[in-house]
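**Student:** kindly return the folded structure for what I paste below:
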Amino acid sequence: MYHLLIVDDEMHVIEGVKSDLDLAKNEISELYTAYNIRQAKAIFAEHRIDILFCDIEMPQGSGLELLAWVRENHLETEVIFLTAHADFKYAKQAIQLGSLAYLIKPALVDGLEEVLTNAKQKISRHSELHRVNLLWTQNHHLIEERFWKDLLDQTIPSHEKEIREIATQRNFLYSETMTFLPVLISVQRWHQEFSMRDEKNLEYALKNSAKELIVQQVTSGQIIPIDRGQILVILYFETYTDELMEKLIRSCEDYIESCNHYFYCDLCCYLGTDGYLHEVLPIVQELIALDTNNVAFNNKVFPLNRKAVSSVQIQLPDMTVWSAMLKKGTKEQVVAEAAEFLENLVQTEELNANLLRQFYENFLQMTYFVLNLKGIQAHQLFCDEISLSLSGKATRSVTDLLAWIRHTVVKAMDQAEAVEQGTSVIASVKQYIAVHLDQAELSREDLAEHVYLHPDYLSRFFKKETGMSISDYLLQERVNLAKQLLCKSNMSIGSIAFSVGYSNFSHFSKMFKKVTNLNPNDYRQQHG
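**Tutor:** Numbers count the residues shown, from 1 in each chain. This is a model prediction of the structure:
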């Protein structure tokens, strides 16, 4: 007899499956239900679950996330997805994560019974001894992974003798002739915006695919996630040959192509050289440095090249010329020249992360200098979410840097043109004042921030364009609105004062009389 758990956030789906299934006929002795991942994990903690029916999309966590957890904690459970999503990408991920079947709602009774039969047959093929062996293998895998993480984190001393002793203590057994070859897989960018949870699911799928398409195609090995978007593959060799390296390169190329297609990302594979256990750490460090300095190429395989660092001194462009061009508003030419310079560096293969950062910092300084000359507050102009995101990624690659340059130049020059035209800036300030007249604390700093200008610059500019200071215009607009309310409404004078930004009645009366030569009550009597 088997224990079945159904997880779905829709109650009618769960009740439908329960009513369709003949529990006795299908040898189900216990049937549990849950409406989210939290409830499902609680049931796993209390009961043995042989078969799991699960939806894909649920409010508090996806079925793929639950499957990943089950695979880590309950290897004996067979998982069957029952979902309304007939999307191949979900099915592909489900298979990569190790599900038994993928059914589309509403599933017919025959279909449910068929997958239950398959699940029971698969479970019955595993004897108790085999279950124990599976658990031992899983634990051994985790112990081995922990060993590699400690070695890479340098928790384990880097001396050959000490490494060998700790490996023996942890039951990580290997022959003295065995060598190890690290492969660093690094995601450069996702083609879509994903939540952190979705990224974790995709990275889990990347890890499983690396096992299938790289490790199992070449030799045996271990896969270790080392950072967000980075996976390290350690391949084990009893006898390493050049032919195996060629096979590894082809396997990595196939892996990259598969990930592009199914997992919506660009990535690169960096292949180390084979070495003994105590030589792995420095090889991995070289691979990480290689990835850091790869700011130009996507979806490529890079065998580790131990060539000397180039002594060629790259001369960064004189951005004084670009600064003069930006002052004149020739933004397209500046972007084109920046792109040409970077693309030429890519062709010479002399571009690295440090040089890219220097270029970024010089370009940023040049842009801010031009904006400052035009009285524009750069830190306010570029505080929006898109600008911050592009800036954060700008030094990762040439592609990211060019995206940031285009965005920055267009946004900066559009604002500069708006300031020079004047009318749109003044209109924006006047509109902002009209909307916020009821705010007693409305200041020129608030107005300057609204149009990305320095307060002093805005004050001079506003008076030049309108013939009056900001404070005088603000007073005029408040009094004009108060006049209309006094004449056309029955509001009390105290309420009118509050509506035009005055919390103090006597101060309102004083400012009103200053403009109209009448106090508010007399004005209402004469014009009401």
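**Student:** can you name the next helix or strand after the helix or strand bottoming out on mean pLDDT in the chain?
**Tutor:** Least confident helix or strand of the chain, by mean pLDDT, DSSP states H and E, is helix 128-152 with a mean of 73. Following helix 128-152 in sequence order, the next helix or strand is helix 160-169 (DSSP states H and E).
**Student:** buried stuff in whatever helix or strand comes next after that following helix?
**Tutor:** Where DSSP H and E defines the elements, the next helix or strand beyond helix 160-169 is strand 179-190. Buried residues in strand 179-190, counted by 16 or more other CB atoms under 10 Å: 179-188, 190. C-betas here are computed from N, CA, C, even on glycine.
**Student:** give the rounded mean pLDDT of strand 179-190.
**Tutor:** Averaging pLDDT along strand 179-190 gives 94.
**Student:** send me it as PDB with only the CA atoms.
**Tutor:** Coordinates of each C-alpha in strand 179-190 appear next as PDB, following Å, rounded to 0.1, in the frame of the first residue of the first chain:
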ATOM      1  CA  THR A 179      44.100  14.000 -11.700                       C
ATOM      2  CA  PHE A 180      41.300  16.600 -11.600                       C
ATOM      3  CA  LEU A 181      40.300  19.100 -14.200                       C
ATOM      4  CA  PRO A 182      38.000  22.000 -13.100                       C
ATOM      5  CA  VAL A 183      35.500  23.600 -15.500                       C
ATOM      6  CA  LEU A 184      33.900  26.900 -14.500                       C
ATOM      7  CA  ILE A 185      30.400  27.600 -15.900                       C
ATOM      8  CA  SER A 186      29.400  31.300 -15.500                       C
ATOM      9  CA  VAL A 187      26.100  32.800 -16.500                       C
ATOM     10  CA  GLN A 188      26.700  36.200 -18.100                       C
ATOM     11  CA  ARG A 189      23.100  37.300 -18.400                       C
ATOM     12  CA  TRP A 190      19.500  36.100 -18.400                       C
END
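**Student:** what's it packed up against?
**Tutor:** helix 196-210, strand 230-237, helix 242-262, strand 265-271, helix 280-292 (3 or more CB pairs under 8 Å, 6 or more residues apart in numbering; DSSP states H and E).
**Student:** for the first one, buried residues please.
**Tutor:** Judged by neighbour count (16+ other CB under 10 Å), helix 196-210 contains these buried residues: 198, 200-210.
**Student:** name the nearest of those residues relative to S391.
**Tutor:** Using CB to CB, D198 is the member of these that sits closest to S391, with 23.7 Å.
**Student:** ok, now which ones touch the closest one?
**Tutor:** S62 (CB atoms under 8 Å, 6 or more residues apart in numbering).
**Student:** which one of the buried residues of strand 179-190 sits closest to L108?
**Tutor:** Relative to L108, the closest of the buried residues of strand 179-190 is W190; by CB to CB it sits at 37.0 Å.
**Student:** beta partners of that closest one?
**Tutor:** For W190, the beta-bridge assignment (DSSP bridges) gives partners C265.
**Student:** list the contacts of it.
**Tutor:** W190 neighbours (CB under 8 Å, 6+ apart): 199, 202, 264-265.
**Student:** how far does stretch 460-472 sit from the chain's center?
**Tutor:** 45 Å (CA atoms, centre = their mean, to the nearest Å).
**Student:** what's stretch 232-251 in contact with?
**Tutor:** The contact list for stretch 232-251 (CB under 8 Å, 6+ apart) reads 148, 152, 174-175, 177-185, 210, 213-215, 217-226, 271, 274, 280, 284, 301, 303.
**Student:** of these, buried ones?
**Tutor:** By 16+ other CB under 10 Å, the contacts of stretch 232-251 give 148, 152, 179-185, 210, 213-215, 218-219, 221-226, 271, 274, 280, 284, 301 as buried.
**Student:** buried ones in stretch 434-443, by neighbour count?
**Tutor:** Here stretch 434-443 shows 437, 442 as buried, counting by 16+ other CB under 10 Å.
**Student:** kindly report the same for stretch 156-170.
**Tutor:** Neighbour-count burial for stretch 156-170, counted by 16+ other CB under 10 Å, picks out 156, 163-164, 166-167.
**Student:** off-centre distance for that stretch?
**Tutor:** Distance, centroid of stretch 156-170 to centroid of chain: 37 Å (CA atoms, centre = their mean).
**Student:** list of residues touching that stretch?
**Tutor:** Stretch 156-170 is contacted by residues 143, 146-147, 150-151, 173-174, 276-278, 281 when judged by CB under 8 Å, 6+ apart.
**Student:** quick one, which of the helices and strands packed on strand 179-190 is nearest to S503?
**Tutor:** It's helix 196-210; of the helices and strands packed on strand 179-190, that one is closest to S503 (CB to CB) at 45.4 Å.
**Student:** after that closest one, which helix or strand is next? Please name it.
**Tutor:** With DSSP H and E, the next secondary element past helix 196-210 is helix 216-218.
**Student:** packing partners for that next one?
**Tutor:** On a contact count with 3+ CB pairs under 8 Å, 6+ apart, helix 216-218 meets helix 242-262.
**Student:** not counting its neighbours along the chain, what's nearest E78?
**Tutor:** Nearest non-adjacent residue to E78, counting by CB to CB, 6 or more residues apart in numbering: A119, 4.1 Å away.
**Student:** same check on I283?
**Tutor:** Nearest to I283 is G272, by CB to CB, 6+ apart, at 4.3 Å.
**Student:** for that neighbour, list the residues it contacts.
**Tutor:** 181-184, 283-284, 286-287, 304.
**Student:** swap the cut-off to 7 Å and go again
**Tutor:** Contact analysis of G272 by CB atoms under 7 Å, 6 or more residues apart in numbering lists 181-183, 283-284, 287, 304.
**Student:** out of the residues you listed, which one sits closest to S397?
**Tutor:** Nearest to S397 among the contacts of G272: L287, at 17.3 Å, using CB to CB.
**Student:** need the pLDDT of the closest one.
**Tutor:** Confidence for L287, expressed as pLDDT, is 94.
**Student:** list the contacts for it?
**Tutor:** Taking CB under 7 Å, 6+ apart, one finds 182, 184, 270, 272, 304 in contact with L287.
**Student:** next one: it from Q230, what distance?
**Tutor:** Distance, L287 to Q230, by CB to CB, to the nearest Å: 10 Å.
**Student:** over to D384?
**Tutor:** To Q230, D384 is 30 Å away according to CB to CB.
**Student:** neighbour count winner among those two?
**Tutor:** Each of D384 and Q230 has its neighbours counted (other CB atoms under 10 Å); Q230 has more, 17 against 10.
**Student:** ok, what's across the strand from that one?
**Tutor:** Beta bridges link Q230 to S186, D227 when assigned by DSSP bridges.
**Student:** how close does it sit to E203?
**Tutor:** Distance of Q230 to E203, given as CB to CB: 9 Å.
**Student:** also I288?
**Tutor:** The value you get for I288 to E203, if CB to CB is used, is 17 Å.
**Student:** ok, now K463?
**Tutor:** Taken as CB to CB, the span from K463 to E203 is 58 Å.
**Student:** got it, and N293?
**Tutor:** Applying CB to CB, the value for N293 to E203 is 23 Å.
**Student:** E441 now?
**Tutor:** E441 is 48 Å from E203, where distance means CB to CB.
**Student:** then S459?
**Tutor:** Distance of S459 to E203, given as CB to CB: 53 Å.
**Student:** just the mean pLDDT for whichever strand or helix holds N354, thanks.
**Tutor:** Element membership for N354 (DSSP H and E) is helix 353-373. The pLDDT scores in helix 353-373 average 90.
**Student:** can I have the helix or strand that that helix is followed by written out in CSV, keeping just the CAs?
**Tutor:** Downstream of helix 353-373, the next assigned helix or strand under DSSP H and E is helix 378-381. Once non-C-alpha atoms are left out, helix 378-381 reads as follows in CSV (Å, rounded to 0.1, in the frame of the first residue of the first chain):
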residue,chain,number,x,y,z
ALA,A,378,22.9,64.1,-12.3
HIS,A,379,22.2,62.2,-9.1
GLN,A,380,18.5,63.1,-9.3
LEU,A,381,18.3,62.5,-13.1
